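A.B. asks: A structural model of the following input is requested.
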Amino acid sequence: MNITVTEQDNTCILALNGRMDATTVSSFEEVCKENLDKSFKKIVVDMSALEYISSAGLRGILLMEKTSKIKQIPLVFFGLQSMVYEVFKISSFLSILKICTTKEEALSV
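C.D. replies: Next comes the predicted model:
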């Protein structure tokens, strides 16, 4: 999995590309921790190029959500592909996380 980090209007945008599983989730957690330690007003996660997510990936996302709540930094996801959306739906992540359709919507939340 590749992670691209950009900044827009004091918002950190993490773009995920590939597969998030047991072998790649540690890099996701590391990038998230680094950016949650910065003074961003919000973190937006672009999942439009994420093809697959495993239970290990879900745990990484849940850890990020918990940490963002502690640090009081809003966390918003957008662009879920159909397979990732179904995994989020089955695991009830749709009710736990802020999910948007587009980048513009995620930035405005």
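
A.B. asks: Let me see the contact set for L58.
C.D. replies: The neighbours of L58, taking C-beta atoms under 8 Å, 6 or more residues apart in numbering as the test, are 87, 91, 93. No exception for glycine: its C-beta is placed from N, CA and C like everyone else's.

A.B. asks: tell me the SS of it?
C.D. replies: Recorded secondary structure, L58: helix (DSSP: H, G, I helix; E, B strand; the rest coil).

A.B. asks: for the longest strand along the chain, packing partners?
C.D. replies: Ordering each strand of the chain by length in residues (DSSP state E) puts strand 42-53 first. Helices and strands touching strand 42-53, as assessed by 3 or more C-beta pairs under 8 Å, 6 or more residues apart in numbering; DSSP states H and E, comprise strand 11-20, helix 25-36, strand 75-78, helix 82-90, helix 103-108.

A.B. asks: Which strands border the third one, and is each parallel or antiparallel?
C.D. replies: As defined by DSSP bridges, the strand partners of strand 75-78 come to strand 42-53 (parallel), strand 98-100 (parallel).

A.B. asks: Distance of the residue most central in space within the chain relative to S27?
C.D. replies: Centroid-nearest residue in the chain: V45, 3.8 Å away (criterion: C-alpha atoms, centre = their mean). When distance is defined by C-beta to C-beta, to the nearest Å, V45 is 14 Å away from S27.

A.B. asks: Tell me what the residue nearest to the centre of the chain is bridged to.
C.D. replies: Bridge pairing for V45 - DSSP bridges - gives L14, F77.
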